[in-house]
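Enquirer: got a structure for you, letters missing:
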C-alpha cells in the first residue's frame, strides 16, 4: 500500500469539491419547519424513571412500597413454613406419612405377586 | 445564561423545546452542508439533517457529555449518510459544475473545470466510508483522530481509508494525471 502525495491539481480539486459551501436559507428553513412541534416523545433511560414519575406527579411513596413488599415476603414465608396451622398439628402430616406410606413402600410385599421390594 | 451546546443539551434533556430550537438553528446549516457533501443529493441531505436533529431530541435524556456535542451530532449525521448510501448508492455528476477559477483564461478555465468535474465524479464513485473520510479531512480540515472518533474507528483505520481513497482516485483519474505530468 503506497501513500504517495496526490498530484497538486488533484489535491486542490479535492479541497474545492469537499469544502463547506453555504447552504441556501430556503433549505435550512424547510428542515427547521419540519422540526417544529409536536416533537416525538423523548427516550428516557430506566434509571431516570423515578424523576419522570415525579414530573408526572405520580410519585411512588417509597416507604409504603417497602412496607408492602415486606408484608408480601413475610406472608410468603409464613405460607411456606406452615405457621398458620396449630402448633401441635405442624408435624402430624409428616409423621403419618413416614409411618404409613414410607413403611408400606419400603417393607411391605407387593399384594398381587408377593414380591418384596 | 450559559448558551453553550452542552448547556442547551442539558435543557433539551429536560424537554425544553426553546433550547432545542436554538440548538437546531445553530447546527442545521452545517449538518445540512456536511450531508450534502457526503451524499451529493440535496433532498436526501435535508432528510438526513432532519432525522439527525430528531434523534438529538429523542436521545437527549440519554446523552452523556463524554465528547463535544458537535462531534456527537456529526457522528449521527455521518452514520445516517452511510446508512442511506448503503441502501441506495447515488452518484452525483454535477457536484463541481459551478466551480470556476477566476484567474486563468477561458481555455484553461474550461480545462480546469473539466478536471474538477472528473475529480468530483471519481470522488462520488468512491465507497461511502472512503468518501466520508475525504470530505471530513479535506473539506472540514479534521485531524485523523477527529475523523476516527466520528467514524467510530481507529486512527490507523482512517489512515488506511484515506490511502485507499487516494489509490482509487489515482486509478480512476490515471489519464488526467498523466496529462498533468506531461503538461
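Expert: Good, I have the coordinates. Everything numeric in this text was worked out from a predicted model, so none of it was measured. Numbers count the residues shown, from 1 in each chain, chains lettered A, B, ... in the order given.
Enquirer: mind listing the helices for the chain?
Expert: I'll assume chain A. A:8-18, A:25-34, A:49-55, A:62-81, A:92-96, A:103-106 (DSSP state H).
Enquirer: try chain B instead
Expert: B:5-13, B:17-39, B:42-59, B:69-87, B:106-124, B:128-134, B:144-151, B:155-172, B:174-182.
Enquirer: Chain A: which of the ones you listed is closest?
Expert: helix B:106-124 (3.9 Å; CB to the nearest CB). Yep, even glycine has a C-beta here, placed from its N, CA and C like the rest.
Enquirer: What average pLDDT does that closest one get?
Expert: Model confidence over helix B:106-124 averages 75 on the pLDDT scale.
Enquirer: Could you do stretch B:128-148 as well?
Expert: Rounded mean pLDDT across stretch B:128-148 is 90.
Enquirer: and it, how far apart are its ends?
Expert: 15 Å (CA to CA, to the nearest Å).
Enquirer: In it, which of the residues would be classed as buried?
Expert: B:128-140, B:142, B:144, B:146-148 (16 or more other CB atoms under 10 Å in any protein chain shown).
Enquirer: so where's the chain uncertain?
Expert: Defaulting to chain A. Scanning chain A for pLDDT under 70 picks out the ranges A:1-7, A:48-60, A:83-107, A:116-117.
Enquirer: that's the other chain; I wanted chain B
Expert: Ranges of chain B meeting pLDDT under 70: B:1, B:88-112, B:176-183.
Enquirer: quick one, what contacts residue B:127?
Expert: Contacts for residue B:127 (CB atoms under 8 Å, 6 or more residues apart in numbering or on different chains) come out as residue B:168.
Enquirer: That one and chain A: what is the separation?
Expert: According to CB to the nearest CB, to the nearest Å, residue B:127 stands 16 Å off from chain A.
Enquirer: Map the structural domains onto the sequence of chain B.
Expert: For chain B, automatic domain parsing gives the domain ranges B:5-87, B:126-182.
Enquirer: ok, now which ones touch residue B:12?
Expert: B:19-20, B:23, B:56-57, B:60.
Enquirer: Touching, residue B:24 and residue A:35? I think so.
Expert: Yes. Contact criterion CB atoms under 8 Å: residue B:24 and residue A:35 qualify, at 5.4 Å.
Enquirer: Find residues that contact each of these two.
Expert: residue B:53.
Enquirer: Pick out whichever of the two has more residues nearby.
Expert: Set residue B:24 next to residue A:35 and count neighbours by other CB atoms under 10 Å in any protein chain shown: residue B:24 wins out with 23 against 20.
Enquirer: so of the helices of chain A, which one's packed in deepest?
Expert: Each of the helices of chain A was scored by mean neighbour count; the highest is helix A:8-18, a mean of 19, by mean count of other CB atoms under 10 Å in any protein chain shown.
Enquirer: is that one anywhere near chain B?
Expert: Yes. Counting by CB under 8 Å from any CB of the partner chain, contacts between helix A:8-18 and chain B involve A:8-10, A:13-18.
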